[in-house]
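Asker: need coordinates for the following:
(one chain, ligands or ions: 2)
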Amino acid sequence: MSAAVITLETQENASQNLIIQRPPAGLSLQGRIRVPGDKSISHRALMLGAIAEGETEIQGLLLGEDPRSTAHCFRALGAEISELNTEFVRVKGIGLGNFQEPVDVLNAGNSGTTIRLMLGLLASHPGRFFTVTGDDSLRSRPMSRVVKPLQQMAAEIWGRKGNSLAPLAIQGQALKPIHYHSPIASAQVKSCILLAGLNTEGQTTVTEPALSRDHSERMLRAFGAELSIDPETNSVTVTGNAKLYGQKVIVPGDISSAAFWLVAASIVPGSDLVVENVGVNPTRTGVLEALSMMGADIQLENQREVTGEPVADLRVRSSQLKSCTIAGDIIPRLIDEIPILAVAAAFAQGTTIIRDAAELRVKESDRITVMAQQLNQMGAKVTELPDGMEITGGTTLVGASVDSHTDHRIGMSLAIAALNASGTTTIHRAEAAAISYPNFTNTLVEVCR
Ligand SMILES: O=C(O)C1=C[C@@H](OP(=O)(O)O)[C@@H](O)[C@H](O)C1
Ligand SMILES: C=C(OP(=O)(O)O)C(=O)O
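Answerer: Numbers count the residues shown, from 1 in each chain. Ligands and ions are numbered 1, 2, ... in the order given. Predicted coordinates:
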């Protein structure tokens, strides 16, 4: 079989078109690949390294735009962070409570994780004044979900639209501990409050309606924080006036990035692909469960634990997928994989229902509206629901002109759909992939045979 013709065209305004032309005889995905470091773990390793005492060595950090935004902000707060261009990144921590007051606005770029987690740390630094902002997308994303609980802890935060949108201004305070019952299962909300609790006297607790990713809990413990977890109630308590100590962190591959290849190899006939060294933390493996419900052939090999996180190699072979329903408590465990799961559903037999995922509307883009529009542009049958999508699979997808809407996960999901669409697909603003997966196109070229 001949490989797809894959080209990246850079426009005058620096925006990129990713053009994918599937050969008439089809193609398949083969080989052994690695995906870049986990984004959630990368942010946390940089942040905890910055507020710890001593040096933190991070191996396999994601060298994408989002962790670069985190590094940029924490350098401005006083941490020494080595260049983000090698296998090892070193962070010289400044110790908890020791941020310097930056002379300029802290810019979190496109990264919700950076701004929301950092807010917890900034608000709990008495006597310092901070301002934070982000790009067009981030300035439209809701911040009240973290501002409100921080205000309950006595934080002083101001911003547009009733303190709900960045730019935000923060006057650091000595905070008081609370027990926060979060209305949403969000690791960013949970982590923000726990980080604020680190520098607050007493015990701060967060209870969430369903379990969200627990990387903060695992890493906080590894760095020396005192944490108690009640799995019955999805509650985490952190003891304040903590002392953290620099650690060695080895970042596993990001399952959210691996998900593109899991779906690609499942839907493209004749594929047999191994994605090595993928983080398989149970709070992140909803995508494996959803694909298994759809009849995907994915095997976990070489399972092991690396610096407190479970890791495995994932072997995926193509199979005829069938529809399923994705809803309820699984949603927070696969929230970022819903765009690529929508692609899987477009090639599955039957009608897939995705519900309880209204959170998708407040990500980098409105991922429900954008995914439905863009897949329908290629001939799919996707209907928007207020909190999800209904996708009837089995129609033949045809190459079209589509747009990432500057959302990394949308751009990459559409590229995978293009592998199984006839003719040529052009994905506009494909450069968005660099947020979480800088060498996505290179790997695409490498695996297509
Ligand atoms: O804590 C994290 O690292 C993340 C939590 C999730 O967001 P929410 O907390 O808003 O669900 C996820 O969508 C995001 O990509 C990363
Ligand atoms: C939602 C995402 O990230 P963040 O909230 O950190 O911008 C994502 O990576 O899909």
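Asker: per-domain residue ranges of this structure.
Answerer: 5-37+252-447, 39-250 (automatic domain parsing).
Asker: tabulate those (JSON lines), appending mean pLDDT and mean neighbour count.
Answerer: C-beta coordinates here come from the backbone N, C-alpha and C atoms, glycine included. Formatted as JSON lines, the domains of the chain follow (pLDDT from 0 to 100; neighbours: other C-beta atoms under 10 Å):
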{"stretch": "domain 5-37+252-447", "mean pLDDT": "97", "mean neighbour count": "20"}
{"stretch": "domain 39-250", "mean pLDDT": "98", "mean neighbour count": "20"}
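Asker: partners of the closest residue to residue 32 other than its chain neighbours in the sheet?
Answerer: Setting aside the residues directly before and after it, residue 32 is nearest to residue 274 in space (C-beta to C-beta, 6 or more residues apart in numbering), at 4.5 Å. With DSSP bridges as the criterion, residue 274 is bridged to residue 32, residue 315.
Asker: hang on, residue 274 packs against residue 30?
Answerer: No - the pair residue 274 / residue 30 is not scored as a contact, 9.6 Å apart, by C-beta atoms under 8 Å.
Asker: please name whichever of the domains of the chain is nearest to ligand 2.
Answerer: Comparison of these against ligand 2 by C-beta to the nearest ligand atom identifies domain 39-250 as nearest, at 2.7 Å.
Asker: what's the span of the closest one from first residue to last?
Answerer: One end of domain 39-250 to the other measures 12 Å (C-alpha to C-alpha, to the nearest Å).
Asker: just checking the distance from it to the centre of its chain.
Answerer: Taking the mean of its C-alpha atoms, domain 39-250 sits 15 Å from the chain's own mean (C-alpha atoms, centre = their mean, to the nearest Å).
Asker: can you give me the helices in the stretch 101-250 of the chain?
Answerer: Ranges of helices within the stretch 101-250 of the chain are 112-123, 144-152, 160-163, 187-198, 215-222, based on DSSP state H, counting those that start in this stretch.
Asker: turn the ones you listed into CSV, including distance to residue 412.
Answerer: Below are these laid out as CSV (distance: least, C-beta to C-beta, whole Å):
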stretch, distance to residue 412
helix 112-123, 18
helix 144-152, 26
helix 160-163, 31
helix 187-198, 21
helix 215-222, 22
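Asker: closest to residue 397 out of those?
Answerer: helix 112-123 (30.2 Å; C-beta to C-beta).
Asker: list the helices and strands the closest one packs on?
Answerer: Contacts defined by 3 or more C-beta pairs under 8 Å, 6 or more residues apart in numbering; DSSP states H and E place helix 112-123 against helix 39-51, helix 65-76, strand 129-133, helix 144-152, strand 156-159, strand 165-171, helix 187-198.
Asker: kindly reformat the ones you listed as TSV containing distance to ligand 2.
Answerer: Shown next, in TSV, are these (distance: least, C-beta to the nearest ligand atom, whole Å):
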stretch	distance to ligand 2
helix 39-51	6
helix 65-76	6
strand 129-133	14
helix 144-152	11
strand 156-159	17
strand 165-171	12
helix 187-198	6
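Asker: would you mind listing what in the protein touches ligand 2?
Answerer: Selection of the chain residues close to ligand 2 by C-beta under 6 Å from any ligand atom yields 39, 111, 112, 113, 336, 363, 364, 409, 436.
Asker: which residues touch the closest residue to residue 209 other than its chain neighbours?
Answerer: Counting by C-beta to C-beta, 6+ apart, residue 209 lies nearest to residue 185, which is 5.4 Å off, once chain neighbours are set aside. For residue 185, the contacting residues are 208, 209, 210, 211, 212, 234, 329, 331, 332, by C-beta atoms under 8 Å, 6 or more residues apart in numbering.
Asker: could you pick out which of the residues of the chain next to ligand 2 are near ligand 1?
Answerer: Filtering the residues of the chain next to ligand 2 for neighbours of ligand 1 using C-beta under 6 Å from any ligand atom leaves 113, 336.
Asker: so residue 398 bridges to which residues?
Answerer: residue 422.
Asker: measure it to residue 123 for me?
Answerer: 50 Å (C-beta to C-beta, to the nearest Å).
Asker: right, is stretch 307-318 up against ligand 1?
Answerer: No - Stretch 307-318 is not in contact with ligand 1 by C-beta under 6 Å from any ligand atom; minimum separation 13.1 Å.
Asker: coming back round to it: and the two most separated of the contacts of residue 185?
Answerer: Top of the distance list for those (C-beta to C-beta): 234 and 331, 13.9 Å.
Asker: mind listing the shared neighbours of these two?
Answerer: 185, 210.
Asker: the closest residue to residue 336 other than its chain neighbours: what's it in contact with?
Answerer: In space, and not counting its chain neighbours, residue 336 is closest to residue 256: 4.6 Å by C-beta to C-beta, 6+ apart. Residues near residue 256 by C-beta under 8 Å, 6+ apart: 38, 39, 284, 287, 336, 337, 409, 436.
Asker: could you check the angle helix 39-51 makes with the helix or strand where residue 256 lies?
Answerer: Assigned by DSSP states H and E, residue 256 falls within helix 255-267. Counting by axes from the mean of the first three to the mean of the last three C-alpha atoms, to 10 degrees, helix 255-267 lies at 170 degrees to helix 39-51.
Asker: give me the distance from helix 255-267 to the chain's centre.
Answerer: Using C-alpha atoms, centre = their mean, the offset of helix 255-267 from its chain centre is 15 Å.
Asker: for stretch 247-255, same thing?
Answerer: For stretch 247-255, the separation from the chain centroid amounts to 14 Å (computed by C-alpha atoms, centre = their mean).
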